[in-house]
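Undergrad: no sequence on this one, just coordinates:
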Ligand code: PAF
């Protein structure tokens with residue numbers, strides 16, 4: 001596996017490659033990321049992963065400075081997972097000047113749920129992802145369903161900007177207790193780790209009620225919030241939405257239950273398709 005740090009080195013390295021699949025990451029990789037690499041691998045062609053902690057998607061009070069950076073281990077995992085090239089740009093390489101030109105995601109999709117709690121988050125994500133797409137020029141890119149809203153935002157960006165890229169979605173990988181794998185799980189202490197799977201439990205229970213035919217969505221959402229609050233979480237939201245574009249639910253539509261909540265100082269997100 002080649003480790004490449006600059007755009008100038010990456011471009012010629014990719015010139016003669018067939019069918020590139022990109023797996024964009026912020027590093028601190030785990031089995032969830034490796035499942036994205038596996039999906040990319042299965043397409044054949046060249047697998048490129050990027051490792052870049054994107055300052056633009058962090059608010060000033062968030063964990064950019066503390067975000068775990070474990071490049072050596074990440075490279076070992078990527079090499080073992082069959083990645084061909086890992087692109088590890090510096091901040092100067094991606095943002096050589098203040099990034100005043102940004103990608104504004106549509107409000108109906110990006111200013112709700114995550115975007116409401118983290119204003120500017122999807123602008124930061126879309127801007128760096130579009131930039132990575134332009135640098136790597138992949139035929140496909142793989143994103144995890146754990147970041148469900150991010151996946152929908154990127155799909156819409158690709159569709160509306162006519163980018164010639166297939167966006168592939170990878171299912172959530174969970175630990176034995178049901179906790180969705182996430183780099184931020186590393187912030188949890190032992191007792192929080194034991195509790196953390198309850199976010200999934202709450203969403204699963206909610207999804208089950210919806211599956212059984214309940215349509216009193218606001219009440220079901222409030223019950224899940226109460227369940228988590230009573231256990232010591234600080235929920236940001238629990239919401240039932242349409243899977244197509246996070247639209248308000250209607251009976252019979254394909255739905256997803258999404259939630260985000262803080263456990264101590266750690267903010268976790270998860271979702272369950274109904
Ligand atoms: O999902 C992530 O890790 C990040 O949001 C992404 C897509 C790599 C952009 O920085």
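TA: Perfect, I can see it now. Please read all numbers here as calculations on a predicted model, not as lab measurements.
Undergrad: and residue 151, how many neighbours?
TA: By the criterion of other C-beta atoms under 10 Å, residue 151 has 17 neighbours. For the C-beta atoms, the positions are set from N, CA and C on the backbone; glycine is no exception.
Undergrad: residue 4: how many residues sit nearby?
TA: By other C-beta under 10 Å, neighbour count at residue 4 equals 20.
Undergrad: and it, how far is that from residue 11?
TA: Look at residue 4 and residue 11: by C-beta to C-beta, to the nearest Å, they are 10 Å apart.
Undergrad: same question, residue 194
TA: Look at residue 194 and residue 11: by C-beta to C-beta, they are 47 Å apart.
Undergrad: same question for residue 135.
TA: Computed as C-beta to C-beta, the residue 135 to residue 11 distance reads 8 Å.
Undergrad: next one: residue 54
TA: 21 Å.
Undergrad: okay, the two: which has more neighbours?
TA: residue 54 (21 against 13).
Undergrad: under the pLDDT cut-off, which ranges of the stretch 151-274 of the chain? List them.
TA: Residues of the stretch 151-274 of the chain meeting the criterion pLDDT under 70: none.
Undergrad: the helices in it, which residues?
TA: For the stretch 151-274 of the chain, applying DSSP state H, counting those that start in this stretch gives helices covering 190-211, 217-230.
Undergrad: and these: which comes nearest the ligand?
TA: In terms of C-beta to the nearest ligand atom, the element of these nearest to the ligand is helix 190-211, at 18.0 Å.
Undergrad: output the contacting helices and strands for that closest one.
TA: In terms of contacts (3 or more C-beta pairs under 8 Å, 6 or more residues apart in numbering; DSSP states H and E), helix 190-211 is packed against helix 217-230, strand 234-242, strand 255-263, strand 266-273.
Undergrad: what's in contact with that helix?
TA: Contacting residues not belonging to helix 190-211 are listed as 174-175, 177-180, 185, 188, 217, 220-221, 223-224, 227-228, 231-233, 238, 240, 249, 255, 257-259, 261, 263-264, 266, 268, 270-274 [C-beta atoms under 8 Å, 6 or more residues apart in numbering].
Undergrad: how about the contacts made by residue 118?
TA: Residue 118 makes contact with 59, 62, according to C-beta under 8 Å, 6+ apart.
Undergrad: separation between it and residue 37?
TA: From residue 118 to residue 37 the distance is 26 Å (C-beta to C-beta).
Undergrad: just give me the neighbour total for residue 123.
TA: Using other C-beta under 10 Å, residue 123 has 19 other residues around it.
Undergrad: now do residue 40
TA: By the other C-beta under 10 Å criterion, the neighbourhood of residue 40 contains 28 residues.
Undergrad: who's the closest residue to it other than its chain neighbours bridged to?
TA: Spatially, and ignoring its direct neighbours in sequence, residue 40 is nearest to residue 21 (3.7 Å; C-beta to C-beta, 6 or more residues apart in numbering). Beta-bridge pairing of residue 21 under DSSP bridges involves residue 47, residue 140.
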